[in-house]
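In: just to be clear, the model below is a prediction. Sequence and coordinates:
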Amino acid sequence: MTTKFYDGLRHAATMKNRALSLKEALNHLLHLPGSSLKKMYISGGRREYFAVPNGGMVAEKDALAIIARPEIGVFEDGLFPGNPQSWRRR
């Protein structure tokens with residue numbers, strides 16, 4: 001009866017700690033309307049990349065490979081000009 005609930009929580013915790021593969025992140029950005037890649041600064045001063053909404057964390061090497069693709073462009077410039085923090089499909 002409550003097993004499904006706890007299985008769902010365990011699955012969510014596992015997914016939260018796993019970065020998306022390059023293919024998963026690219027599929028998310030190219031096929032989900034309104035999705036974007038965001039560079040965020042998290043606790044400890046680390047920067048991480050995330051596919052939003054609801055995509056998940058993307059490894060830095062994979063995020064940089066996605067940003068280099070011609071069909072991906074800067075969505076919003078960052079807090080400081082010339083320092084982009086968001087990218088999406090052109």
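Out: Structure's in. What do you need? Residues are numbered from 1 along each chain as shown.

In: next up, phi/psi of residue 73, please.
Out: Main-chain torsions, residue 73, degrees, to the nearest 10: phi -140, psi 170.

In: am I right that it is in contact with residue 84?
Out: No - counting by C-beta atoms under 8 Å, residue 73 does not reach residue 84; the two are 9.3 Å apart. Quick note: C-beta positions are derived from backbone N, CA and C, even for glycine.

In: compare those two (neighbour count), which wins?
Out: Legend: neighbour count by other C-beta atoms under 10 Å for residue 73 and residue 84, higher for residue 84 (15 against 12).

In: let me know the secondary structure of the more buried one.
Out: Counting by DSSP: H, G, I helix; E, B strand; the rest coil, the backbone at residue 84 sits in coil.

In: please report how far the closest residue to it other than its chain neighbours lies from residue 55.
Out: Counting by C-beta to C-beta, 6 or more residues apart in numbering, residue 84 lies nearest to residue 74, which is 4.4 Å off, once chain neighbours are set aside. For residue 74, the distance to residue 55 equals 18 Å [C-beta to C-beta, to the nearest Å].

In: what about the two, which has more around it?
Out: Just comparing residue 74 and residue 55: by other C-beta under 10 Å the higher neighbour count belongs to residue 55, 19 against 13.

In: let me know the helix or strand that residue 50 is in.
Out: Per DSSP states H and E: residue 50 is located in strand 47-52.

In: run through the neighbouring helices and strands of that strand.
Out: The contact analysis (3 or more C-beta pairs under 8 Å, 6 or more residues apart in numbering; DSSP states H and E) places strand 47-52 against helix 22-31, strand 36-41, strand 56-58, helix 60-67.
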